[in-house]
Each structure stands twice: as structure tokens, then as C-alpha cells.
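>>> Coordinates for the following, if possible.
(chains A, B and C)
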Amino acid sequence: MTGFNAGLVRLTRSMVASAALVAIVAALAMAYTSGGGASRDSLVSEMLSNFILVLGMQLFIGNTGVLSFGHMAFAQIAAYSTAVVGIPLVAKAKALPDIPFGLETVHYGPLGATLFAIVVTVVIGGIFGIAVSRASGLAPTMITLAALFVVEQLVKNWKELTRGAGGLSGIPRLEGNGWLWGGALLALVIAHFFQETRIGRFAIATREDELAAPALGIRLFSSRWAAWTVSMGLIALGGSLRAQSLGSVNPKQFTLDSGILILVMLVVGGMRSISGAVLGTVLITAGNELFRQLGDPQRLDIERFPDLFLGGTMLLVMLLRPGGLLGDRDLAGWLRRLTYRRPPATGETPQQGVSTLVAAEIEVRFGGFVALDGAGLTVRPGEVIGLIGPNGAGKTTLFNVITGIVQEQGGRVTLGDQDLTESKPVDIARAGLARTFQNLRLFKNLSVRENVALTALVAARHRSHRVRPDADTLLADAGLTEWADRQAGTLDYGNQRRLELARAAALAPDFLLLDEPTSGMSDQESLAMVESVRSVAARVGAGVLVIDHDLGFITRISDHIVVLNEGRILAEGTPAEVRSNPLVAAAYLGSSA
Amino acid sequence: MTKLIQTIVDGLGVGSTYALLALGISLIFGVMHLVNFAHGELITVGAYTSYFFFLHGGSWWWMPIAIIGSAVLASVATELIAFRWVRNSSPFTLLLTSFALERLSHAFWQIAVSPKQRAFPKPAWVFNQFKIASVSFEVMDVVTIVVTALTLLLTAVIFKRTLFGISVRGAAEDFDAARLMGVRANRVISGAFAFAGVLAGVAATLILMRSPAAEPSMGSDWLLKAVIAAVIGGLGSFSGAVIGGLVLGLLETLTRAYLPEVAVGWDKFSTAIVFVLIAVFFVVRPDGIFRVSHAERV
Amino acid sequence: MTHMLEVDNITTRYGAITALHDASLEVHAGELVALVGPNGAGKTTLLNTVAGLLRPATGSVRFDGNDITGTEPARLVRAGLALVPEHRRIFKDLTVEENLRLGGSTASVADRRERLDEAAELFPVLRAKWTTSAGFLSGGEAQQLAVARALMSNPRLLLLDEPTLGLAPTMVDVVFDLLLRLRAQGRTLLVVEQNATRALGIADRGYLLRTGRVIATGTGPELAADASLFDSFIGGEA
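Model (predicted):
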């Protein structure tokens, strides 16, 4: 029931934010159209359909950080889908005598045609999205570019269905702008609500860091694919309504160029912010129109000036404000912070994990270089193990093997009775190993609380058998309460380290794996870090495996120290034993040969 | 057999143009991690340069030099005006900056000349044909392949033998290490842009001999194909870019020629099928044919 | 003795991290100076700041009496200062010869040719693999290439960052021999080395760094015997 209530709160918040934005835009539109005739009305319709298309692109590009050129291809599929079921039967028989799939007898009204277009586009786009979401790096962008070519060719050449280059006309036109306003409002609510859902927030996490997100149990594929598929729905809505508002479709409507126009709107406003997308749409639509009027329609140069405006605006924004005009400022985000209420403390006492982490006989070679040569270690529930060793000893490699980022050539990793040797990072995280990174991999553009809350969401689904403290409790343990609403990237260094610790702990893991938590800290800060690690680990009942170079820190925090040298375990024991071991001294200082 | 040879020659003709452009894109990506969507505009610059010179009594005898020269100047200018100022930004910002330049270039030609196509004369011999053992070839196809081959050979020699070439390759692998060798950052990047300009200029010359006309947005289609070719080869890999270009060209012509034999009436979908294949390729090998490692410590 | 290098109170930051706090050191002409300290002490940051890869937030660096704070590496190489970076960073896609030619990119054609011959003579292992891609070299060969490559610019001051990292013990001997030979040639050396005892054993002077600060200095043997050395590596009071 509380889950349902929380969902209702989120939906309400999305609707309030959306209504507010629509009200602002409507006021502007009314002020603009009150003075003028039909051409002003049609500019408003154009802006509104742009609006929906921009939100469709924002939902994917803004939340996942993957650039797509292909969205317009799917808007085109939607527009043609609308046409083939929307054009009255007699006109259709004339324009498309050989139409396949039995479409010659199908006719829907505006609502039916729109829904049909959305279903067709989401199905085709969803299948295509599997390819986009599986790839990494630049490949997804290239796949969307390929989609653009494929759809362009199909539209031009599948004449039985599309009538080729001439396009299709005779789609019953929508009366007034009511449909478009409704569509824009709906698109806004969906775009806002998506950011409130678990999967939407996971998508944002993958945007912020493609490597850290899986290491915290967030699956890249499912969150990207969900964002893609929902964005297909919005794009289809935009494409379909545009077709119905113009009454016709042709292959020139949804080209790469028109896609770039939409992209400029998104980028200028700030792609991470929905309010920014709205601002960008209004500004660019208006500016585009203004520059269009500079041209002389008689002289065919009506298209000259808008390109100048688009290119110039985009260049200036990239040079001066690469995050867009609004950056991360967002009405919905502001509302979220405003209405944030800390959940009541559960008062549950922390429970300790029961599984033991064992890495045995690990072997890793990079080319000819042997990084790990049979190293292994055991961490029992609740235990704190320090892992030390000179530079190049293989400490981080051992971490990467345990957390699945590096594949070992030999050896086994087990947690209790689970074999994690072949598992992927995301599954290892869900199994109960949470890590931090040597070079800080925070979700920099998100708030401090959001960083922790994101992992807590993973825990709610996959670590439900453990006691899971809320984000604020962990922030308090890490000493970050006063920074909770700050953007994570703006924290000072020591606090960023502490935030990584709290974020990892929010997974309610059996073990925390900390890679150099004090690196770059002064002696005093390191000392304070001992307390932070202890209280955070105690809060979730996790054992700790920690790499550090600060021996003072390691000595204070560890129950047991393992010394790694040249890929092998050189020594282990209590801090005092390790300190007095001559082998350790030799490994660190070098033998005086 | 005759048909196969002709198709392959055709494919190599188109593919070699892609290869020249893709190599320029890969080169610039190597030294500054920019996917340069403004690269195709160099073709447009070359086209308008030819148009201008033909208005004032130009001749194809020296036009290639004018085209290549203008492409080099334009390429270096884009770096000076725009890319230098965002050099350390994210690849996303770099890419969008190049997009902005592409738009501005379109606008510039529309305003300065006209949105309409401007044609100029072509060399008289371009569409002449000749026969070897009953297989007929177009002169231009052979010229295209030979010129590209020579250009790539010269490029290989420069990359292998000259200090400039070695500097660019070194900088593409590890920019800071190259700086420690005394390589000047600004100079090697400007040099890479100039060199990419030469390659684009050669490509533009070959394109313009065949279809001698200037149009504001003519560079875009070539550019998109060339970007795809460069990514197929593995961005940052120079031989990959060449192979990617040739593969894309051959794939296009071979499907167009042989698809009708496999499935009647499907020839009109050949481009669509090529790009479906490319999409599948990227799912299987997201890093392209030659993986270029950008080692990252975690 | 003249000051070849003077580092005066430099502080260097990476974003929010301050990796060096007010560090100072000096190197006289002809000296071999060792820079030791535990990992994360700021040794690499110090060398990278001197070599111009990083710009200090405050403080200054002087080379031959000229202020070189924040000067581009390319100009420093021409002035006679070269760095053999951490992890060697040889160009794996380039052949051994190409690596060396790039190292000599600032020299005249005649000088470059002459030094290529010298390198072939000084490093027989490299001569045997002259046209091999550097990616195929073993760790020891790669380290020798990294040093040979830096020598191509004929530097008067050579900075070396962890030249023995990841090398087999016999190769460590080879590298230490090389350091001594370079000093005998009259070159000035500033070496960061994790093999602290041994580095201090051959060094004229040494500096001990910890958490971004210089905490001790002295002649090699003095510093090697200093208790703070052991403590800073293996931890203070337990």
C-alpha cells in the first residue's frame, strides 16, 4: 500500500510540474496568437508537435546520455502508420491501390489512428532498441544512424505502402490545437514520471557512469531499453499528431535535418532537464521563425537564415554552456526536493551477513605481464581485511576480478555457496559485493542524496532480505547530512570519498570493497575516515575489504592485513605481525642488493 | 563474371571515396577524440571553389589543386575557430560542436551564393569507356581507383617515414607521451586537420569530376557514410578506416547488383538491407573491425 | 655547484584533490637525486609538474635559472629537460626505431641520425628489435626503450618515474647500471623509485615525500638510515 501511495505522490508531482510548464507555454502562446491570424496558429501547432518530439528525444538521450540520430526515423514510421489507417477508404484506394497487410479495409478516427501509430512504432522501435541498448560506446549512435537510412529507403521505395517520394495526403486534419495541447501535456507527464520511476532513475545512473552503475547492481541493457521504448511511444505520438495536423506526410518531413532541429532544441535548453527541453523548444521555434522572416519567400531563400540561427546558437551554447541553458535545473527536481520527506526510521537493528567471501588461486595475465599469480584471500562476515602491497602488486586487479570487471584466467571467487567466478559485475553487486573506485566514479550531476537513494532502490529489489537503512541514515553515518541536497560533483574531495562509501553501503551488501578510500587525504582526514567506514559498515552489517596506501589508516581499521607483492600473497596477519615481518619491509623499501 | 568485375570496380570506386573521407575522420578522432560531422563540408568548400574559378575561366588542369587547397584551409580554419576552444570537453560536446559548424556551413553557402544547385563543366573524358577482354570500364572509375590508391600509398609513406607522420601516430596513441617527446600539441592537431583536408580535397575532386555542381548541403550524405565507414573500421584505426570505406562501397554495389537475383523486386531495398547489416554488425562488434584500446584505470 | 633545477613551494591539484602541498627541492648539475616515498605521496605529480604536463596552483619551477612554471613540455624538451613517464608509455603501435625517432623529434636531422646510432650501440637489445612494434617488447626491453627514447633529445636533466616498476630482478639490475652509466656521462638525474633503499644507495642526495609533502631530505645514505623512511612506508605508531 505504501508503494502505491508513493507512486501516487510521484504521479501527482509529475502532473503538477507538467501542468505548470504547459500553463507557462500556453500563456506565451496566447499572448502571441491574440494579435495575429492563422499563420500564428500554425506556428503554435508546429511548436507543440516539436515539443512532443523533443520530449521523446529527451526521454532517451537526456536520461541515458546516448546520442541518437534515429528518432526521426521512428516519427516517420508513426506518421505513415497514421496515414495508412487515417485516410478515408475511397481516397486510400485511389492513392494506394496495392496496399498490403489488408489495410485497404481499415479506417480509424483520430484517436484510433494515433493509437495504431503508437503501437506500430513502439513494436518496431522496441525490437530495434534491443540492438541499440546492447551496444556500447559510439555503436548505439551509429545504429540509430543506420535506422535513419533504412527507414528513409523503405519510405521512398515501398511504394505500395507509402506512395514513394510524393507522399500521402488527405489525412483528416485535426480541428484546432486541442489535440496537440493534450498530447504535449501527456508527453510532459510521461517524461516527468519516467524520471520518477525506478527504471528511469537507473537509466540516469548509467548516463552518469557506465561503469559504476553495473558495479552497483544496475543493468545497463534493461534501463536503456526501457528508456528507448518509452521514448518511441512519445516520438510516435509527436509524429502522428504532426501528420494529422498537417493533413499529409512525405519523406522530407522527418529527415536528419529535421532531427537536428529537434536535437538543437534539446541541447540548447539542456538535455538533462525537462524544463530545459521545454525552454529550448520555445526559444528555437521562435528564433527559427524570426530568422525565417528575414528571408524573402519570393526568392527561395526562406531557408537560408534559420540554418544560420541554428548553427550559431548551437555553437555558442557548446562553447559557453555545454550543459545547455538550464543545465541540471529542473522544475520537477525542485519540486522533488521541496516535497522531500524523510521516511520514518525503521528502528531495525543491523544484521550481519552470514556468507564468507573467498577468492582462491586467482591468475590474471595482461599480454605477457602476469598481474596476479595465484593470489587469494578470505573475508569472513563482519571482518575488516586490509589489502596492502607496493605499486603494481595487483591489488586493484584483485578487486576487479572479485567484482567481475576483469576476467581471471584461473581461480575461483565464491560468496557463501554462490560461485561468482563467471558472473557479471551487475550480478555480483546484487549477490552482495559493493565497491568503490580508486578514481571516484560518482553520479556527478545528481544530488548527494540521490546518489545514495539510487543504490537503495537496487537494494529494495535485490537485497530485500537484509536490513536496509534509508539514504539519510547512511548520509548521517558518513557525516554528509549537511550536503544532502548539493550536486555530488561539487563536494570537496574527502566528502566525495565518503559519499562513494555511503553509496556502496546503500546496497546493503555482505561486503564493502573499498579501493583507496583515503587517497589524497591528509593524515587527519584519513583518521576521520576510519570512523566513517566503521559506522557505515556497522549500519549495514557488512564486512570490509579495503586497499589503501596509508598504513596508519589500514593498521587502525583492519582486523587482519594481507600483503600482496608481484601478484602473490607475501604475508598476512595482525597489523603488528605484518609490521615486523622483514619480507614486508623488503617488498616496500626494496632490498639493498 | 563480367558483371562481377564491373560491380567490384564500381564498388571500389565508391568505396575509395568513402575510404579517403573515413581516413580523415579517423585521423582527427585519433588525435582529439572528435567525431567530426563538419568533415563533409570540405567537399562543399571544394565544390564552391571550383564553381567560383570556372566562373572566372577555370580549367580542370589545375582545379584539383584549388579544390585541395581550399579544403585544407577550411579544415585548419575549423580547428582554429571552434575545436581548439572545446578541445578538453566531452566527446559529446565536441561532436555537437562539429554539428553546429555543419549547419553554419550550409547557411553560409545559402546566403553567400544560393540555396540552388550551381553547376559547372565536367572534364570531357569522364564518361568515356574502354574495353579490356570484353569487360568495359568507365575511365572515371579507373581514375578514381588509381588516384585513391596513389593517395593512400603516399599517406602510408608519410605516416611511416616522415617525422610528421610518426608524430601523428604517436599522438593518436598517447597524446601526453607525444608531448613529452617534444611534439607541439597545437601543431600536431593543426597538422592532422590539414592532412584530413588534403584527403577530403582529393575525395572532393573525384566526386566533382563526376558530378560537377555545388550545393549547400551536398557534403552531408557523403559525410554520414564516411562516419559509418570509419566506425566500422574502428575509430582511430587508420587502416580500419580504409577497409571500412571499401567494405561499405562494395556492400552497396554488390547488394544493388545481385539482390534482384536472390529475391526478385528487392533491388530497391538494397540500401535498406546494407544498413540493417551494418546495424547488426555494430551489435556484434561495437568497437569495429580493429579495436583501438583506450585504456582506462578503474 | 650550480642549481640546475629548483622547485619552490609548489602545490598541484587534480580537480578537488591536492596531490602536492608546498613541495620544494633542488637538483645540482651532475647529481643523481632520488625521490622516494609511499604510493600516493605525490612523487609522480611532482615529476609531471616539473615536466610541464601539470600546472601548479602556486609556487614556481626554475630550470637553469629560468622560470619554467607551466611551460609546455615541447619547449622544455628543447631546453634540455626530458621525462621518462610512469608506466613507460612507449608507443606500442610504433616500431622501436619510430619510437626513437619521435623521441628525437626536436633534434636536427643529422643529430637525430647520430643519436639513433648511439642508441643502437648503447642498447643492443633494442638494435635486435629495431623494426619490431614496441608492443611486442618485454617489460625490460620496453623500459630501456623508454629511456633510450628520452635520451634522443640529448637532455641535460633526465627525470625518471619508477623505471624498475614491474621488472624482473635481473632487469632491475640492468636499469640501475644504466642510471650509473648515465650519471657517468655527466647527465643530471632525478629518479622516482619504489626500490627506496637501493635507489638511495646510489643517489647523491634524496628526498622523502609523504601525503604530498617533503618530510625529509639528506644524502642518500643518511636518508636510507633515517627512521622516518621505514615509518612512512610501513606506518607510524601501530
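
>>> excluding its backbone neighbours, what's nearest residue 136?
As the question left the chain open, I've gone with chain A. Leaving aside its sequence neighbours, residue A:136 sits nearest to residue B:286 (CB to CB, 6 or more residues apart in numbering or on different chains; 5.4 Å). Yep, even glycine has a C-beta here, placed from its N, CA and C like the rest.

>>> wrong one, I was asking about chain C
Using CB to CB, 6+ apart and skipping residues adjacent in sequence, the residue nearest residue C:136 is residue C:129, 7.6 Å away.

>>> pLDDT weak spots in the chain?
Going with chain A. A:1-3, A:295-304, A:345-347, A:368, A:589-593 (pLDDT under 70).

>>> wrong one, chain C
When residues are selected by pLDDT under 70, those of chain C lie in C:1, C:230, C:233-238.

>>> interface residues of it facing chain B?
Neighbours of chain B within chain C, by CB under 8 Å from any CB of the partner chain: C:51-53, C:72-74, C:77-78, C:82-83, C:85, C:89-94, C:98-99, C:101-103, C:105-106, C:149-150, C:153.

>>> From those, which land in helices?
When these are checked against helices (DSSP state H), the matches are C:73-74, C:77-78, C:98-99, C:101-103, C:149-150.

>>> which one of those residues sits closest to chain A?
residue C:99 (17.5 Å; CB to the nearest CB).

>>> measure that closest one to residue C:120 for me?
According to CB to CB, to the nearest Å, residue C:99 stands 13 Å off from residue C:120.

>>> The two - which one has more neighbours?
Per other CB atoms under 10 Å in any protein chain shown, whichever of residue C:99 and residue C:120 has more neighbours is residue C:99, with 27 against 17.

>>> Let me see the contact set for that one.
Residue C:99 makes contact with B:170, C:90-91, C:134, C:145, C:149 under the criterion CB atoms under 8 Å, 6 or more residues apart in numbering or on different chains.

>>> related to what we said a few turns ago, show me which of the residues of chain C next to chain B are buried.
Among the residues of chain C next to chain B, those scoring as buried are C:51-53, C:72-74, C:77, C:82-83, C:85, C:89-94, C:98-99, C:101-103, C:105-106, C:149-150, C:153 (criterion: 16 or more other CB atoms under 10 Å in any protein chain shown).

>>> Dihedrals phi and psi, the residue of chain B found nearest chain C?
Residue nearest to chain C within chain B: residue B:182 (3.6 Å; CB to the nearest CB). Per-residue torsions, residue B:182: phi 100, psi 0 (degrees, to the nearest 10).

>>> and residue A:546, which of the three is it?
strand (DSSP: H, G, I helix; E, B strand; the rest coil).

>>> I'd assumed residue A:559 was in contact with it.
No. In this structure, residue A:546 is not within contact of residue A:559 by CB atoms under 8 Å, at 11.0 Å.

>>> Pull up the overlap in contacts between these two.
In contact with both residue A:546 and residue A:559: A:384-385, using CB under 8 Å, 6+ apart.

>>> Pick out whichever of those two has more residues nearby.
Between residue A:546 and residue A:559, counted using other CB under 10 Å, residue A:546 has the larger neighbour count: 26 against 15.
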